[in-house]
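1. Fold the following.
(2 chains)
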Amino acid sequence: MQNGTPYNTALKYYSTDIHRPLVKADFSKAELLQNYHPDYDEHSMAILQSGSNRGDRCHKQLASILQASERAQENDFRNANIIETDVLVIGGGGAGCAAALTATGAGAHVLLATKLRLGDSNTIMAEGGIQASIEKNDTPQMHFDDTFKAGHQQGDTALIKQLVLDGPDVIQWLIQQGMQFDTDNAGNLLTRRAGSTSADRVVYYRDYTGLEMMRTLRESVLNSNIMLREYNPTIKLLSNKQGQCIGAVLHCLSNKTYTVVKANATIIATGGIGRMHLNGFPTSNHLGATGDGLALAYHLGAKLRDLDSFQYHPTGLAFPENLAGTLITEGIRSAGAQLLNADGKRFINELEPRDIVAAAIIRECVEGRGIFVSKKSRGVWLDTPTLEQKKPGILNSQFPKLVELGKKSGINPHHSPLLVYPTLHYQNGGIIIDKNGQTTVQGLYCAGEASGGIHGKNRIMGNALLEIISFGRRAGLHAAKQQAKKNKDPDQCHSILRNTGRSQNQQVARQYSPLLFPEYTGFNSSVKKND
Amino acid sequence: MTNKSDKLNSVVSLTVNNQMITAPPGNTVVQALWHCGKARIKGIGCIEGVCGSCRVLVRRHASSSVTTELACQTTIEENMQVIFPPLSRPIPHQYQLTEITNERDLYAQFKQIFPEAQHCRHCGGCNISCPKDIDVEQGVRFATDGNFKEAGALFFTCVMCDLCSDACPELIAPNYVGLFSRRVYTCLHMKPANLLQRIDQLNRDEMDVVLPKNTGTIKDQ
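-> Numbering: from 1, shown residues only, chains lettered A, B, ... in the order given. I've put the predicted structure just below:
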């Protein structure tokens, strides 16, 4: 593999140019994905040997937690405190808060349990915005078509239809919660365009959309009757003899005690998987994004989908190395910023779908046209100075978070381009749901990144924030109406994985599931020592 | 094998909660803790400086002053002292947005919900403690003057780390005053015509979505 041009040399030859043509592609998009996108690397994939998705293609690292032994042993929680509630929500990000607020609004008693602090989530880091077709030249149908097409026509059409029809009402609901959006002088919501879409449809609050959303929802939850358990990861879902989900076991990180929560409905809103660093990629995700919800649901017998499909966001910061993986919003490309290789040439239409742009960046680097920092760190330029030249003042007014990131990196994006490389960003697939957020297990719901189906094999900007609120509310409402279960006795013998034959390699590497924290926190090794 | 002197030269020593650790230069405090196997589980969230979980007190070499920062955003330095203060949550100021319906009653309601805000001593503690350099004290003053729009605007980068609340001797909870101002202003004033028109069209079923034909949806089994 070639190294590319050293950083300082490339920077010396860089100059702004407001008329930079796009070099015509000498490859098809399909070839690009096939050869350079990490999802298409067969060495990183495995076939699941047990559980509801037996025989399905799945990323190796994900397969290892899905098929691992459960962290919780029956002895751990035999004498645990028992709490009864109508609805248990697992996860304290946007989807969890939306579900909990809606369920409590519908009169249910709600317990929200989260591994970290309420609001410590990927939601809070979302920058680009949230999709809703509200402009005159836009329709929900166009939103549907864009979403379905970007997902390589693999998405669940019923879910996408629901998503796009919910869009405007979701924005209205957020405003009622007190969330601000950027508006023009007449008070209309401003919109910007997501990559590979046909209309300006992303509403936003500067590049702090997720922060504004999360602090608002968090405050709503703190001002409600929702019972909150922070630093209480769920380590096991419980089911009765009929195979219905009847609650979960929480493990308090502070005093190491267990709590059994018995609930009529349980909603998984645990988010994504970035901190598993699939294929060794850096990630834009928060500390707790370890795919817990997938493992929990799989152990209970829920069916998952698209376990081989992940989103590598094209523009993660690649230099300085200590900030590698930090997200730079797609909004900046949407506003006109271009991507350049070491020769100062554009190599891809910056507003192609994310998987295509990411694959194109990887291709430049692999073929030696990238900018080289070290063995671990390389990338291409994100040309912010030319954008600033074209639209003076745009960085400060619309991208304050980016300017702040520049300060921290010692790179002024007004004058110097930023080095970017794809960063592991999003789990496209997940737990199968219907339009009420119901999984294939009765009594178990799911909303947000942990669920699958909406984005098919690739997600467009702004649909994640829409999904968490749209389906968070749907799941919360439907869960609140669940009848009380007649049988709330956990069935200890019930283990889907055992029933369908556990693979032999389980005994080789002992892994605990759910993972809860990334390896480098030392959390799992300290647990093992205590065994 | 790198030789020993190289190794010694390429590390930074600092203390975190009075424990000495060493890590490569350029690391943030959070990365340094991972590097030396003393990772924290609590008090770390997004690692991008927006969740406000990893607030720390920092004293730099030969400095007598202590600053408040976010551990994920602070690059380690030789002889730096870092303390993770215990997590706290200020005394709650409960309110329901649905009960705040017009501008006329807003000010009186604000005084009821945040009675302490009137007692600001202008000590500046909140400003000093803010890792985002927000003019917190001015924000509180705007709110107590009834200028909620201006108050809220000042807090637009607030990450709710609660450091200003911890610093306030009058228990004002300034960041919650800021958030209250933002939310109330939004609720009372934000009525975007383009959004409301579209919602009206949807309510009248003027916008349907037709599903594509002959495309297989993956069905539940």
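2. Nearest to chain A within chain B, name that residue for me.
-> Closest to chain A within chain B is B:Arg183: 2.6 Å, counting by CB to the nearest CB. C-beta: built from backbone N, CA, C; applies to glycine.
3. Report how many residues lie close to B:Ile76.
-> Counted by other CB atoms under 10 Å in any protein chain shown, the residues lying close to B:Ile76 total 28.
4. pretty sure it contacts B:Leu14?
-> Yes - between B:Ile76 and B:Leu14 there is a contact under CB atoms under 8 Å: 5.4 Å.
5. hey, what's in contact with both of the two?
-> The contact sets of B:Ile76 and B:Leu14 overlap at B:Ala23, B:Val29, B:Ala32 (CB atoms under 8 Å, 6 or more residues apart in numbering or on different chains).
6. Pull the contacting residues for the nearest residue to the second one once chain neighbours are set aside.
-> Okay, so that is B:Val29. Leaving aside its sequence neighbours, B:Val29 sits nearest to B:Ala71 (CB to CB, 6 or more residues apart in numbering or on different chains; 4.0 Å). Residues in contact with B:Ala71 (CB under 8 Å, 6+ apart) are B:Thr28, B:Val29, B:Val30, B:Gly43, B:Ile44, B:Cys54, B:Arg55, B:Val56, B:Val82, B:Phe84.
7. Leaving out the residues flanking it, which one is nearest to the third one?
-> Ranked by CB to CB, 6+ apart and with sequence neighbours excluded, the top spatial neighbour of B:Val30 is B:Cys72, at 4.6 Å.
8. confidence score at that neighbour?
-> Reported pLDDT at B:Cys72 in the predicted model: 93.
9. Quote the end-to-end distance of stretch B:70-85.
-> Counting by CA to CA, to the nearest Å, you get 11 Å between the two ends of stretch B:70-85.
10. Going by residue numbers, what spans are strands in the stretch 201-350 of chain A?
-> Taking DSSP state E, counting those that start in this stretch as the criterion, the stretch 201-350 of chain A carries its strands at A:202-203, A:227-229, A:234-239, A:245-251, A:258-268, A:304-305, A:310-317, A:338-340.
11. Contacts for the second one next, please.
-> Residues outside strand A:227-229 that contact it (CB under 8 Å, 6+ apart) are A:85, A:109-114, A:118, A:221-222, A:250, A:252, A:259.
12. tell me the mean pLDDT over that strand?
-> Mean predicted confidence for strand A:227-229 is 97.
13. Longest helix in chain A, please.
-> The residue-count maximum for a helix in chain A (DSSP state H) belongs to helix A:157-177.
14. and that one, which residues are buried?
-> Judged by neighbour count using 16 or more other CB atoms under 10 Å in any protein chain shown, the buried positions of helix A:157-177 are A:157, A:159-175, A:177.
15. Skipping adjacent residues, who's closest to the residue nearest the centre of chain B in space?
-> The centroid of chain B falls nearest to B:Val159 when counting by CA atoms, centre = their mean (1.3 Å). Spatial nearest neighbour of B:Val159, chain neighbours left out: B:Gly52 (3.7 Å); criterion: CB to CB, 6+ apart.
16. quick one on the thing from earlier: list the contacts for the closest residue in space to the residue of chain B closest to chain A that isn't next to it in sequence?
-> Leaving aside its chain neighbours, B:Arg183 sits nearest to A:Gly178 (2.6 Å; criterion: CB to CB, 6+ apart). Applying CB under 8 Å, 6+ apart to A:Gly178 gives the contacts A:Thr216, A:Glu219, A:Ser220, B:Leu97, B:Arg182, B:Arg183, B:Val184, B:Thr186, B:Cys187.
17. For B:Pro90, state which of the residues you listed is nearest.
-> Nearest to B:Pro90 among those: A:Glu219, at 12.1 Å, using CB to CB.
18. from memory the closest one sits against B:Ser181, does it?
-> No - applying CB under 8 Å, one finds A:Glu219 not in contact with B:Ser181, separated by 11.8 Å.
19. what pLDDT does A:Lys529 get?
-> What the model reports for A:Lys529 is a pLDDT of 41.
20. Grab the most central residue of chain A for me.
-> Central residue of chain A (CA atoms, centre = their mean): A:Tyr426, 3.9 Å from the mean position.
21. for that one, helix, strand, or coil?
-> strand (DSSP: H, G, I helix; E, B strand; the rest coil).
22. Nearest residue to it in space, please, no chain neighbours.
-> In space, and not counting its chain neighbours, A:Tyr426 is closest to A:Gln311: 3.8 Å by CB to CB, 6+ apart.
23. Please apply the same query to A:Glu350.
-> A:Arg333 (4.4 Å).
24. Please work out how many residues are found near the one you found.
-> Neighbour tally, A:Arg333, other CB under 10 Å: 26.
25. pLDDT below threshold where in chain A?
-> Chain A contains residues with pLDDT under 70 at A:1-2, A:492-510, A:526-531.
26. Export only the CA atoms of the longest helix of chain A, formatted as CSV.
-> Extracted C-alpha coordinates of helix A:157-177, given in CSV (Å, rounded to 0.1, in the frame of the first residue of the first chain):
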residue,chain,number,x,y,z
THR,A,157,-41.2,0.4,2.9
ALA,A,158,-43.9,0.4,5.5
LEU,A,159,-41.5,1.8,8.1
ILE,A,160,-40.1,4.4,5.7
LYS,A,161,-43.6,5.6,4.8
GLN,A,162,-44.5,6.0,8.5
LEU,A,163,-41.2,7.9,9.0
VAL,A,164,-41.7,10.4,6.3
LEU,A,165,-45.4,11.1,7.1
ASP,A,166,-44.4,11.7,10.7
GLY,A,167,-41.7,14.2,9.8
PRO,A,168,-43.5,17.5,10.1
ASP,A,169,-45.4,16.5,13.3
VAL,A,170,-42.1,15.4,14.9
ILE,A,171,-40.7,18.9,14.4
GLN,A,172,-43.9,20.4,15.8
TRP,A,173,-43.6,18.1,18.9
LEU,A,174,-40.0,19.1,19.4
ILE,A,175,-40.9,22.8,19.3
GLN,A,176,-43.5,22.1,21.9
GLN,A,177,-40.8,20.5,24.0
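27. re the thing from before, mind checking pLDDT for the residue of chain B closest to chain A?
-> pLDDT at B:Arg183 comes out at 98.
28. Now for it: which residues touch it?
-> Counting by CB under 8 Å, 6+ apart, B:Arg183 has contacts A:Gln177, A:Gly178, A:Met179, A:Thr216, A:Glu219, B:Leu97, B:Gly152.
29. To which secondary structure element is it assigned?
-> Per DSSP states H and E: B:Arg183 is located in helix B:174-189.
30. Give the buried residues for whatever helix or strand comes next after that helix.
-> Note on helix B:174-189: by DSSP H and E, the next helix or strand toward the C-terminus is helix B:193-203. Buried residues in helix B:193-203, counted by 16+ other CB under 10 Å: B:Asn194, B:Leu195, B:Leu196, B:Arg198, B:Ile199, B:Leu202.
31. ok, whichever residue of chain A sits closest to chain B to A:Thr216 distance?
-> Of all residues in chain A, A:Gly178 sits closest to chain B, at 2.6 Å by CB to the nearest CB. Here A:Gly178 is placed at a distance of 5 Å from A:Thr216 (CB to CB, to the nearest Å).
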